[in-house]
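A.B. asks: My questions concern the predicted model and sequence given below.
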Amino acid sequence: MGAAVISSEYGSAVRYLQKNCSDNAVTSIAQTKMKAGVVLCRKIDWFNTAETLQTLFAPNERAIFDLIMVTDCSLTIKESKGVLDMIHKYGTIGHTKVVVGLCNEREGKPYFIEQCMKYFKEVVEVPMAQQHPVYRTTRQTIIQFRI
């Protein structure tokens with residue numbers, strides 16, 4: 001069946017995300033509810049997370065995420081704050097695992113790691129030797145933690 005997935009992007013880039021998922025037959029534009037094997041593509045404005053995070057689910061819905069995966073979230077401190085807000089809102093204490101790819105060349109990385117160490121459990125860097133050889137790079141750091 002596969003996992004029920006929400007994939008988000010900032011601004012107009014969400015249309016490319018939707019096309020990519022559609023081309024790979026894992027999404028339905030008309031789909032509004034989470035369903036195994038289907039990717040829901042949603043726009044999230046990291047500069048206005050309080051408002052846009054509310055649009056992911058109906059007011060009476062409560063989603064439990066097993067895994068939150070974030071890439072390139074450390075562009076600025078402001079963007080890092082938005083990602084941390086999302087993790088706090090949608091992560092379940094004692095349950096959700098988080099994997100984050102941090103760009104080493106951005107100013108938000110130290111802030112993001114500092115906040116993770118402060119608020120989350122088991123924060124560890126994934127060693128390069130454990131990363132897939134096709135995707136590993138010295139330009140990013142991958143961390144994982146539990147909420």
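C.D. replies: Structure received.
A.B. asks: Low-confidence bits of this structure, can you list those?
C.D. replies: 1-2, 27-33, 46-58, 61-63, 74 (pLDDT under 70).
A.B. asks: which residue ranges form the helices in it?
C.D. replies: Using DSSP state H, the helices of the chain run over residues 14-23, 49-52, 77-90, 108-119.
A.B. asks: Which positions within the longest one qualify as buried?
C.D. replies: Applying a neighbour-count criterion of 16 or more other CB atoms under 10 Å, one finds E79, S80, K81, G82, V83, L84, M86, I87, Y90 buried in helix 77-90. For the C-beta atoms, the positions are set from N, CA and C on the backbone; glycine is no exception.
A.B. asks: Now do it and helix 108-119, the angle between them.
C.D. replies: 30 degrees (axes from the mean of the first three to the mean of the last three CA atoms, to 10 degrees).
A.B. asks: From A3, how far off is the closest residue to H88 other than its chain neighbours?
C.D. replies: Distances taken as CB to CB, 6 or more residues apart in numbering put Y119 closest to H88, at 7.5 Å, once the chain neighbours are dropped. Remark: distance between Y119 and A3 (CB to CB, to the nearest Å) = 26 Å.
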